[in-house]
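> Need the 3D shape of this:
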Amino acid sequence: MATKTKIKVKPLADRVVIEPSEDEASQSSGGIYIPDTAKEKPQTGTVVAAGPGRVTDEGKTIVLSVKVGDSVIYSKYAGTEYTEDGIEYLVVRESDILATI
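Have a look, this model is predicted:
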């Protein structure tokens, strides 16, 4: 699932920019409506940019295992939020990504 999102940020080293997925469930299974302020942040998203990889002490670059377009699950409190053109992104290290979907 490749994305057509163009962002101006270019991540460095082993950093990855993720566009968090939207949580569509605004009503609980019991029928109670949950306001946006009470919802937990999503832990899944799509990679929209990736750095070149981590550089070792010997100067070798270890390529990232994720690429642009991958759907990923990331740590709950990971990364730094970044907003561009009204869209929120999350900049995380590759080690904060737990799995691909």
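> any low-confidence regions in this protein?
1-5, 23-29, 34-42 (pLDDT under 70).
> so where do the strands sit in it?
15-20, 44-50, 54-55, 61-62, 71-74, 80-84, 87-93, 97-100 (DSSP state E).
> Show me what the second one is in contact with.
The contact list for strand 44-50 (Cβ atoms under 8 Å, 6 or more residues apart in numbering) reads 1, 3, 5, 7, 9-11, 15-21, 64, 66-74, 89-90, 101. C-betas here are computed from N, CA, C, even on glycine.
> Check which residues of stretch 44-55 are buried.
Across stretch 44-55, burial judged by 16 or more other Cβ atoms under 10 Å covers 44-51, 54.
> Give me the nearest residue to the residue nearest the centre of the chain, chain neighbours excluded.
The centroid of the chain falls nearest to Ile18 when counting by Cα atoms, centre = their mean (2.5 Å). By the measure of Cβ to Cβ, 6 or more residues apart in numbering, the closest residue to Ile18 outside its immediate chain neighbours is Gly45, 4.1 Å from it.
> For that neighbour, give its distance to Glu58.
As judged by Cβ to Cβ, to the nearest Å, Gly45 and Glu58 stand 33 Å apart.
> now do Pro20
For Pro20, the distance to Glu58 - Cβ to Cβ - is 35 Å.
> Give me the more crowded residue out of the two.
Higher neighbour count among Pro20 and Glu58: Pro20, with 18 against 5, using other Cβ atoms under 10 Å.
> which residue sits closest to the more buried one, ignoring its sequence neighbours?
Leaving aside its sequence neighbours, Pro20 sits nearest to Gly45 (Cβ to Cβ, 6+ apart; 4.2 Å).
> Likewise for Val66?
Val47 (5.4 Å).
> now the one you found: how far from Val16?
Distance from Val47 to Val16, by Cβ to Cβ: 6 Å.
> who touches both of the two?
Contacts common to Val47 and Val16, judged by Cβ under 8 Å, 6+ apart, are Val66.
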